[in-house]
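> Okay, sequence plus prediction incoming.
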Amino acid sequence: MRLSQTVDVDSTSLKLRQRICWFALLFIPFHGFVSTCLPERLDPLSTLCIVLAEVAAMAAALFASRKVDSPARMLWWLLAASIVFHSTAMSLDLVTEATGAPVFNHVPGLSIFFSMLYGLPLLVAVSMQFDKRIFRLARATNALLSLAIGTLLYAQIFSLLTLRGSTNPADAVLVSRLFDGIDLFLAVAATIRWSGSGNAAQRAFFRIATIFLWLNALFPAIHNRILLRHDYVWLDLFISTPYIVLFVLIMAFRNETTLPPPAGVVRIVQSGSAIFLSSALLVLGVITSRTHFYLGLAASLASIIGYGAVSTIAQSRGRETEDSLLASKSALERLVGLDCLTGIPNRRAFDKTLSRECANARRAKSPVSLLMIDVDNFKKLNDAEGHLCGDACLVRIAGALREALPRVTDFVARYGGEEFSAILPATDGFGATETARKICQSVAALRINHPSSPFGIVTVSVGISTYDGSRAKPAANLIRESDQALYRAKHGGRNRFESFSIDSLNV
């Protein structure tokens, strides 16, 4: 019953949003009617339509932020903040038109300033890095760079204009080109972020933002170029349409189902996204240096230092993470290669070590010996004393083997069950024989009680095989030869060792 109710609610919500989208699209022809068919004294209503479209888009962005988690939520907040700046500028224009301007004003200063500020939150959005290791530093750096850009915009605009604006068409051309540059930069940056977003919520945001920003770069550019020659009211449609489309895209928003881009592309885009805000400040600093040299120079240096600081911290944290991962990998490999009972290397580590030592012996033409060590009558000990006693016996034998092999290069492992093995690099047959004798004595010296053994204590038998390195020999052959020697030691009475000569085999 609950599932059915949930489906009904979702279906109703979807239908409601679809209807809202259709009504929003009908707003475009409505605005066209207002801007072309009403008397001239009602022209401010066209500007009001722009403000309404922007307010609707801002509300939709805030609505979308409620459906996602941080940091994608912050992206929607930044988009909403951007729209607030632009709607403020249009509201100022509305007030000016409603009250009546005494002279024709090509570029009203305060309105133009707010229109340019709309790009700051979007610059922060396309520059945001979502790496948790540097997220706080990135936010602080982006805030400082955004403040610097806002300062430069203020200095640049009001070095040409006053708060009342300007009646000079040349100023309008300059401001229009500056708008075009900002809009195009934002559209390109958003496209790059969309192509490299690995997170579904972030990819959905940048997909919507990319469509909106390209429309907002194209339509206002057309608007401004026509406006410089003809003051048509219907040109306001070029301003409101991108925001209506944005509203529809957000209201029709669904969870992203497309496949994410390759991991390599995601890493490149995320690592390089920090450059957008810094590069914008650098370009603006160069432009500002023509009228405010020291301010522009300081901004250019700040952009370089800001980007360098974030990149340095990111690389430092990356190296720290890499070192931690390598250390964890080494520790994990050691754990994987250890026998959980005895604490000495296991069969997996033995196989790798034997292959490596045989290869080294072949290259250096030096001998390597292998000892296969088996606990005598261990099954009888388990049956008589129990498995816990048998396990304790194996632990003590492993310790005795480690003490009997004092060289750092010697390697001892639990081969399986009650069988152990020892690899002796740079050891010939004579040295291996002496080591085997020492091992038998060390285990016997433990004096572990074994009622079923003819010796009354736990003993071991050892099979010895030596590879002289003079010719290629698989490690498996060395194991087989040691096993054969161990078999002879077992059948020869146990608590002893036997050797197998490598020369006795036809290779």
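Structure received. Numbers count the residues shown, from 1 in each chain.
> In three-state terms, label Glu320 for me.
What DSSP: H, G, I helix; E, B strand; the rest coil gives for Glu320 is helix.
> just for the stretch 201-350 of the chain, where's the confidence low?
Residues of the stretch 201-350 of the chain meeting the criterion pLDDT under 70: 228, 231, 254-258, 270-272, 274, 314, 317-318, 321, 329-335.
> the helices in it, which residues?
Ranges of helices in the stretch 201-350 of the chain, per DSSP state H, counting those that start in this stretch, are 237-251, 263-272, 275-288, 293-336, 347-364.
> chain center to the shortest one, what's the gap?
Relative to its parent chain, helix 263-272 has a centroid offset of 8 Å by C-alpha atoms, centre = their mean, to the nearest Å.
> could you say what helices and strands that helix packs with?
Secondary-structure packing of helix 263-272 (3 or more C-beta pairs under 8 Å, 6 or more residues apart in numbering; DSSP states H and E): helix 169-195. Where C-beta positions appear, they are placed from N, C-alpha and C, glycine not excepted.
> what comes up buried for the helix it packs on?
171-172, 174-176, 178-183, 185-195 (16 or more other C-beta atoms under 10 Å).
> Which strands or helices does it pack on?
With contacts defined as 3+ C-beta pairs under 8 Å, 6+ apart, helix 169-195 has these neighbours: helix 109-117, helix 119-127, helix 200-227, helix 263-272, helix 275-288.
> quick one, the third one and helix 263-272 angle?
Taking axes from the mean of the first three to the mean of the last three C-alpha atoms, to 10 degrees, helix 200-227 and helix 263-272 form an angle of 60 degrees between their directions.
> residue ranges of the helices in the stretch 351-500 of the chain, please?
Ranges of helices in the stretch 351-500 of the chain, per DSSP H, counting those that start in this stretch, are 378-385, 387-404, 429-444, 475-491.
> related to what we said a few turns ago, among the helices and strands packed on helix 169-195, which comes closest to Val368?
The closest of those to Val368 is helix 263-272. By C-beta to C-beta, the value is 42.8 Å.
> For the closest residue to Ile439 other than its chain neighbours, give me its contacts.
Spatial nearest neighbour of Ile439, excluding adjacent residues (C-beta to C-beta, 6 or more residues apart in numbering): Ala404 at 4.9 Å. Residues in contact with Ala404 (C-beta atoms under 8 Å, 6 or more residues apart in numbering) are Thr435, Lys438, Ile439, Ser442.
> One more: Ile457?
By C-beta under 8 Å, 6+ apart, the contact set of Ile457 is Ala444, Leu446, Arg447, Ile448, Asn449, His450.
> right, and Ser465 touches Leu370 too?
Yes: counting by C-beta atoms under 8 Å, Leu370 is a contact partner of Ser465 at 5.0 Å.
> Overlap of the contact sets of those two?
Leu478, Ile479, Glu481, Ser482.
> what's the farthest-apart pair in these?
The most widely separated members of the shared contacts of Ser465 and Leu370, counting by C-beta to C-beta, are Ile479 and Glu481 (7.4 Å).
> Let me know whether Gly416 touches Arg347 as I believe.
Yes: counting by C-beta under 8 Å, Gly416 does reach Arg347; the two are 5.8 Å apart.
> quick one, which of the two is more surrounded?
Arg347 (15 against 12; other C-beta atoms under 10 Å).
> quick one: which of the contacts of Ile457 is most hemmed in?
His450 (22 neighbours).
> Surely that residue and Val460 touch.
No: at 11.4 Å, His450 does not count as touching Val460 under the criterion of C-beta under 8 Å.
> So, low pLDDT: which residues of the stretch 401-507 of the chain?
Ranges of the stretch 401-507 of the chain meeting pLDDT under 70: 501-507.
> again, only using 80
470, 472-473, 501-507 (pLDDT under 80).
> Next one: the residue lying farthest from the centre of the chain from Ala80, what distance?
The C-alpha centroid of the chain is most remote from Pro454, which lies 64.6 Å away (C-alpha atoms, centre = their mean). Going from Pro454 to Ala80 by C-beta to C-beta, to the nearest Å gives 88 Å.
> With Tyr243 instead?
12 Å.
> And for Arg402?
From Arg402 to Ala80 the distance is 67 Å (C-beta to C-beta).
> Show me which of those two is the more surrounded one.
Ala80 (19 against 16).
> residues in contact with Ser46?
Per C-beta under 8 Å, 6+ apart, neighbours of Ser46: His31, Val34, Ser35, Val233, Trp234, Asp236.
> Remind me which helix or strand it belongs to.
helix 44-65 (DSSP states H and E).
> Run through the neighbouring helices and strands of the helix or strand following that helix.
Following helix 44-65 in sequence order, the next helix or strand is helix 72-99 (DSSP H and E). The elements that helix 72-99 packs onto, with contact taken as 3+ C-beta pairs under 8 Å, 6+ apart, are helix 44-65, helix 109-117, helix 119-127, helix 200-227.
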